[in-house]
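J.: attaching a predicted model along with its sequence, questions to come.
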Protein chains: 2
Amino acid sequence: MVTIKQVAQRAGVSFKTVSRVVNNDPTVKPENRDKILAAIEELGYQPNIAARMIRKKNSDIIGFISDEISTTPSSVDIIRGAQDMAWEKGKTLMVFNLNQKDANPAQLFDECTQHRAEGVIYGAMYHQPVSLPKSFEKLPTVMVNCFDPGQKYPAIVPDDEQAAYYVTRQLLAKGYRRIAFLNLNPDIIAAQLRLAGFEQALTEYGITEDNYIVKTIEQVKGDKVIDVTRDMTLDVLDNFKPDAILCGKDLVAVRVYFVLESLKIKVAEDIGVASFDNWDAIPDILVPGLSTMSLPYYEMGRRAVQKVIETSEHKRNTQSGEPEKITCLLASRESF
Amino acid sequence: MVTIKQVAQRAGVSFKTVSRVVNNDPTVKPENRDKILAAIEELGYQPNIAARMIRKKNSDIIGFISDEISTTPSSVDIIRGAQDMAWEKGKTLMVFNLNQKDANPAQLFDECTQHRAEGVIYGAMYHQPVSLPKSFEKLPTVMVNCFDPGQKYPAIVPDDEQAAYYVTRQLLAKGYRRIAFLNLNPDIIAAQLRLAGFEQALTEYGITEDNYIVKTIEQVKGDKVIDVTRDMTLDVLDNFKPDAILCGKDLVAVRVYFVLESLKIKVAEDIGVASFDNWDAIPDILVPGLSTMSLPYYEMGRRAVQKVIETSEHKRNTQSGEPEKITCLLASRESF
DNA sequence: TTGTAAGCGTTATCAT
DNA sequence: ATGATAACGCTTACAA
């Protein structure tokens, strides 16, 4: 690999002058600058980031540790957002995956330390509480799509309550008055928050308990969780007769669409359908297109990087308070 | 940050002895080794990879540049596979995304060079030819899910022809005799290869042209590509009356299922359905579960890392020959 | 405006 | 078995 010294020799100056040019130091005679730039070009010189790193004390590296046990594809957008923001800020994101086999969070954290990462982001694949190993205290840490139960670290999460509140109000505003909510497993944070938002909106519209219904689309059978969307949908259609169905996630909406199709009930025309996720191609593959609250993964990733840079600059990690909630937007199509 | 010297002082030895312990050099008195290990533990010493890198000549870093213009979620598995293999081989994968805005391949390549990556993997999000900038010649480069038209670099691609051949034979083996193939846009490599595999299998079974049909599910309207799966499916059912439908991707299968549902035609019972992708939760959300040829993204990622390590060790990049095809397996469920 | 010397944290070399 | 010393490629501090 070509070094700064080789460039210096080629240009006929001292290596320090080359360093100046590389670092955009203005105090270089234009004539020399041109000579040096030419030499850099000819030799194809690229600065050695590692060497630079040990002398300057910043690495410009941010570690991203992702819990990918359950591979929710859209959560990849968290990483894309993080990467874009890192790029904009002149940082490099080093991504590590937590895969069953061998790697544990502490190990991956050490990896980050060894690369002298300036901060670490821990990302989970669905909104949940996570307790990180103690070692994470040694570096500015930001949690994304998850949070520490003791609020030890700043956290970025989707505003699930707002999402449910918003979509419910949209349904109500369009005149729907008997909404069935096919919610996710109530063990999940998102399910709890959405229920709150859902009921809040209903209350504000004066909808009483006999005019809405909430069901769970997952049932625990022994140690297995099984999806009962179809039965639930049929049940709700028969016994509650809703004018709109709010689904816990887009995949639930797919099954609901199938049930409706089989009953010749037309989405939008005969019944409104709404959902959460805006999961990739799913909402568009359905006919009519599914109106669904998009989880702001990309934005969360961006915000996490911003936050970790802030914390590392201010060198404070503690007293983080409530997780920062990122607003969810409605991806509006034709299903209600 | 704790350095090797501080550990040395704490343990009462020279810093070189600490270096020996850190690098598992056996020529250290056990007594000293214990003292040093204790000091490392107490001080929380972590080696500085950057410093190590400038002295040793290897970085143990592999760059992964991914064309994420079209975000096919499952292609994330390429990265997961690459990351797992890198971890197993003691390498660190540095992932860079190609996002419209500003970053171009050459820039990201430079980023890799600056980190002194030992090799670079270029990954595309669907199987396609790609011409890389000339700069990639400077580092061992492997292409994954894409290939250089001039075979300049080793490439890892899914064996689309084998996939189509295999699934078609499976259909035929189960007795299906009138197969309709709703293929992807014929501009796409995968579509061309699959057509070849499909027809090969049919020929071997002596199926003649009037007993199969191939249709495209995308149509170009002006400068827009529109999905015509529904119309095509209805058309084929009406006019060709197939006993099985082979879909170009799982999302096509979803639409086909809807059409069949609306016509009260039962999948598996009345008609076989097969597909390509094994895309995340889709095949399982359908009822009956979709039997589909899985694209071996994870394995491709693993293989790409293996290959880039091989090439970097043997220092040869040229004369790569045909892309290496990774076998696709049938994810068998209940749809045929 | 430019260059010299020192230093970053590590490994390599060679002596002890 | 251990330790001085040099070296890696760069930046910082300071001098010219």
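T.: Structure received. Numbers count the residues shown, from 1 in each chain, chains lettered A, B, ... in the order given.

J.: confidence score at residue A:280?
T.: In this prediction, residue A:280 carries a pLDDT score of 86.

J.: regarding it, what is its secondary structure?
T.: Here residue A:280 is coil, with the state taken from DSSP: H, G, I helix; E, B strand; the rest coil.

J.: so how far is stretch A:273-292 off the chain centroid?
T.: On the basis of Cα atoms, centre = their mean, to the nearest Å, stretch A:273-292 sits 19 Å off its chain's mean C-alpha point.

J.: got the CA positions of that stretch in CSV?
T.: Extracted C-alpha coordinates of stretch A:273-292, given in CSV (Å, rounded to 0.1, in the frame of the first residue of the first chain):
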residue,chain,number,x,y,z
VAL,A,273,-59.5,-2.7,7.0
ALA,A,274,-56.5,-1.1,8.6
SER,A,275,-53.3,-2.4,10.0
PHE,A,276,-49.8,-1.8,11.4
ASP,A,277,-46.4,-2.2,9.7
ASN,A,278,-46.5,-1.1,6.1
TRP,A,279,-44.4,-4.1,5.6
ASP,A,280,-42.5,-4.0,2.3
ALA,A,281,-44.5,-5.2,-0.6
ILE,A,282,-47.4,-6.7,1.3
PRO,A,283,-49.8,-3.7,1.5
ASP,A,284,-49.4,-3.2,-2.2
ILE,A,285,-49.9,-6.8,-3.2
LEU,A,286,-53.3,-6.8,-1.6
VAL,A,287,-56.4,-5.5,-3.5
PRO,A,288,-57.5,-3.0,-2.6
GLY,A,289,-54.2,-1.7,-1.3
LEU,A,290,-53.9,-1.9,2.5
SER,A,291,-53.9,1.4,4.5
THR,A,292,-51.6,0.7,7.3
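
J.: any residue of it up close to chain B?
T.: Yes. On the criterion Cβ under 8 Å from any Cβ of the partner chain, stretch A:273-292 is in touch with chain B at A:280, A:281, A:285, A:287. Using the backbone N, CA and C atoms, a C-beta is placed for each residue, glycine as well.

J.: next one: stretch A:91-111
T.: Yes. Using Cβ under 8 Å from any Cβ as the criterion, contacts between stretch A:91-111 and chain B involve A:92, A:93, A:94, A:95, A:96, A:97, A:99, A:101, A:102, A:103, A:110, A:111.

J.: just the pLDDT at residue A:318, thanks.
T.: 56.

J.: just to revisit the earlier point, closest to residue A:211 among the residues of stretch A:273-292 next to chain B?
T.: Nearest to residue A:211 out of these is residue A:287 (Cβ to Cβ; 28.9 Å).

J.: what's near enough to touch that closest one?
T.: Neighbour list for residue A:287: B:230, B:255, B:258 [criterion: Cβ atoms under 8 Å, 6 or more residues apart in numbering or on different chains].

J.: narrow these to those in helices?
T.: Within these, residues falling in helices by DSSP state H are B:230, B:255, B:258.

J.: these two touch, right, the first one and residue B:260?
T.: So that's residue B:230. No. At 11.0 Å, residue B:230 does not count as touching residue B:260 under the criterion of Cβ atoms under 8 Å.

J.: the two: who's more crowded?
T.: For residue B:230 versus residue B:260, neighbours defined as other Cβ atoms under 10 Å in any protein chain shown are more numerous around residue B:260 (19 against 15).

J.: much appreciated, bye for now.
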